[in-house]
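Novice: Starting from these lines, generate the structure:
(one chain, ligands or ions: 2)
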Amino acid sequence: MHRLTVDTPSRRYDVCVGRGLLKEAGALLSQVLPPPRRVCLAADDQVWELWGEQAEAGLRLAGYTVDVWRFPHGEGSKTPATALSLAEYLSSLPLTRTDCVAALGGGVAGDIVGFAAAVYLRGIPVVQLPTTLLAAVDSSVGGKTGVDLPAGKNLLGAFHQPSLVVCDLDTLDTLPPAQFTDGCAEVIKYGVIGDRSFFFDLTEPISRHMEAVIARCVRMKRDIVAGDERDTGARQLLNLGHTIGHAVEKLSGYTRGHGSCVAIGMAAITRAAVRRGLCPEADLGALLAMLEQYGLPTACPYDGAALLPVIAGDKKRAGSAITLAVPHGIGDTRLVKVPVETLPGWLQDALEGW
Ligand SMILES: NC(=O)c1ccc[n+]([C@@H]2O[C@H](COP(=O)([O-])OP(=O)(O)OC[C@H]3O[C@@H](n4cnc5c(N)ncnc54)[C@H](O)[C@@H]3O)[C@@H](O)[C@H]2O)c1
Ligand SMILES: [Zn+2]
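Specialist: Residues are numbered from 1 along each chain as shown. Ligands and ions are numbered 1, 2, ... in the order given. Prediction:
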């Protein structure tokens with residue numbers, strides 16, 4: 001098992017990564033929030049069917065009282081109504097500030113449950129039990145929580161760090177292949193952001209060295225988040241591929257997987273960096289080859305005219321400028337703040353004539 005400590009200004013907590021950990025979730029939790037206390041175990045219907053009983057048993061074994069709350073799987077559930085219904089369930093138990101809630105599942109469960117935990121009683125402890133690759137390497141760590149509004153994704157949210165993250169690698173064995181592939185895009189992203197040798201290690205399939213790969217990603221996210229918990233500086237590096245990626249995701253009506261869109265976004269922004277003489281062309285070639293090796297797309301299905309209005313409306317825009325994460329090579333991504341008027345030029349360099 002890998003055990004990493006995340007040290008943010010608001011909370012210090014451990015991330016445990018290994019096989020067979022759901023059964024030990026209670027024992028691990030008892031080191032942080034000892035029983036007796038109530039744990040509300042929340043999961044979507046699909047994850048519950050596969051892994052719910054094991055997680056529940058692991059918690060009960062350590063002496064916790066466990067209540068279960070389920071919701072329909074999918075991004076469509078990531079709404080204020082779902083978070084409200086969880087909060088109402090918690091108040092019916094009633095769950096108090098000394099109890100806790102556990103999110104078993106992917107990023108959707110983590111975001112909904114984390115958000116409800118952030119606001120119920122003005123904040124109760126939350127434990128993240130990620131079961132997708134994306135949740136393991138990204139959403140379960142760092143404390144961003146939230147739900148979607150009709151106007152866009154994650155528009156209602158809060159920063160609320162978990163008290164513990166337990167990633168049981170066994171759960172990833174049941175992931176549908178497309179879901180696994182999607183998570184691989186985020187793994188590759190970490191290499192491009194700041195670790196060239198890690199990137200090239202990924203030519204050996206991720207599934208063959210899963211624990212080390214996830215631990216490496218968590219360590220990198222930990223280091224970035226520790227220095228910028230509130231996403232005002234270096235944390236924006238994690239948005240590599242996401243500015244264009246989010247726009248592709250939105251234009252596709254959310255029919256394309258998030259990771260696939262991030263892959264398209266990373267390829268596009270790296271092309272722009274090459275055209276501007278910022279990034280060696282060989283590194284673009286290595287990125288495209290890596291994305292293709294994992295079955296991820298690299299061609300953008302939309303042109304600049306379609307993408308521009310969506311990007312310009314992005315919530316991450318600060319006034320008339322937008323911060324882009326631009327690779328200057330594999331393992332060397334930098335932030336550049338550019339005026340919104342220059343975006344058409346960036347998009348042209350990213351998309352046209354390749
Ligand atoms: N908070 C953050 O920092 C952060 C970061 C990145 C993404 N996100 C959010 O994460 C969400 C996407 O997360 P996701 O891709 O994990 O989606 P998800 O939680 O919807 O999971 C995807 C699907 O896989 C199923 N599933 C989950 N684990 C499984 C398993 N072990 N075996 C079989 N099926 C399983 C789920 O039931 C679901 O249908 C988005 O809403 C995104 O905004 C948040
Ligand atoms: Zn992402």
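
Novice: Could you tell me how many residues sit around the nearest residue to Asp303 once chain neighbours are set aside?
Specialist: Counting by Cβ to Cβ, 6 or more residues apart in numbering, Leu351 is the residue found nearest to Asp303 once chain neighbours are left out, at 6.3 Å. Placement of C-beta: from N, CA and C, glycine included. Applying other Cβ atoms under 10 Å, we find 19 residues neighbouring Leu351.

Novice: Leu351 contacts Gly304, doesn't it?
Specialist: Yes. Counting by Cβ atoms under 8 Å, Leu351 touches Gly304, with 5.7 Å between them.

Novice: Which positions in the protein make contact with ligand 1?
Specialist: 44, 46-47, 50, 73-75, 78, 105-109, 111, 131-132, 134-135, 138-139, 142, 144, 153-154, 171, 174-175, 179, 258 (Cβ under 6 Å from any ligand atom).

Novice: need the contact list for Gly259.
Specialist: 134, 181-186, 296 (Cβ atoms under 8 Å, 6 or more residues apart in numbering).

Novice: Which of those sits closest to ligand 1?
Specialist: Leu134 (4.2 Å; Cβ to the nearest ligand atom).

Novice: doesn't that closest one fall inside a helix?
Specialist: Yes. Assessed by DSSP: H, G, I helix; E, B strand; the rest coil, Leu134 belongs to a helix.

Novice: pretty sure it is in contact with Cys184, am I right?
Specialist: No. Leu134 lies out of contact with Cys184 (Cβ under 8 Å); the separation is 9.3 Å.

Novice: which residues does Met1 contact?
Specialist: 16-18, 21.

Novice: Tell me where the stretch 201-350 of the chain is predicted with low confidence.
Specialist: 314-318 (pLDDT under 70).

Novice: Mind doing that once more with 90?
Specialist: Within the stretch 201-350 of the chain, the segments meeting pLDDT under 90 span 254, 312-320.

Novice: Report the closest residue of it relative to ligand 1.
Specialist: For the stretch 201-350 of the chain, Cβ to the nearest ligand atom, closest residue to ligand 1: His258, 5.7 Å.

Novice: does Arg70 count as helix, strand or coil?
Specialist: Under three-state DSSP, Arg70 comes out as strand.

Novice: That one contacts Leu41, correct?
Specialist: No. Counting by Cβ under 8 Å, Leu41 is not a contact partner of Arg70; they are 9.3 Å apart.

Novice: so what sits against both of these two?
Specialist: Gly52.

Novice: Settle it for me: which of those two has more neighbours?
Specialist: Shown here are Arg70 and Leu41; by other Cβ under 10 Å, Leu41 has more neighbours (26 against 17).

Novice: Tell me the spacing between that one and Gly259.
Specialist: 27 Å (Cβ to Cβ, to the nearest Å).

Novice: Check which residues of stretch 13-25 are buried.
Specialist: 13-18, 21-22, 24-25 (16 or more other Cβ atoms under 10 Å).

Novice: ok, of those, which one's closest to Asp283?
Specialist: Val17 (28.8 Å; Cβ to Cβ).

Novice: What are the neighbouring residues in contact with that closest one?
Specialist: 1-4, 136, 167, 169, 211, 214-215, 218.

Novice: 7 Å instead, please
Specialist: 1-2, 167, 169, 211, 214-215, 218 (Cβ atoms under 7 Å, 6 or more residues apart in numbering).

Novice: So it belongs to a helix, correct?
Specialist: No. Remark: Val17 does not belong to a helix; assigned using three-state DSSP, it is strand.

Novice: is it in a bridge, and if so with what?
Specialist: Bridge pairing for Val17 (DSSP bridges) gives the partners His2, Cys167.

Novice: how near is it to Val68?
Specialist: Relative to Val68, and taking Cβ to Cβ, Val17 is found at 25 Å.

Novice: again with Phe199
Specialist: Distance from Phe199 to Val68, by Cβ to Cβ: 40 Å.

Novice: cool, Leu307 as well?
Specialist: 42 Å.

Novice: Then Asn239?
Specialist: 35 Å.

Novice: Compare those two and say which is more crowded by neighbours.
Specialist: Asn239 (22 against 16).

Novice: That one contacts Ala325, doesn't it?
Specialist: Yes. At 5.3 Å, Asn239 and Ala325 qualify as touching, with contact defined as Cβ atoms under 7 Å.

Novice: need the contact list for the nearest residue to Gln54 once chain neighbours are set aside.
Specialist: Excluding the flanking residues, the one nearest Gln54 by Cβ to Cβ, 6+ apart is Leu22, at 4.7 Å. By Cβ under 7 Å, 6+ apart, the contact list for Leu22 reads 51, 54-55, 58, 129, 168, 171.

Novice: Spatially nearest residue to Cys184 (excluding sequence neighbours)?
Specialist: Closest to Cys184 by Cβ to Cβ, 6+ apart is Tyr294, at 4.4 Å.
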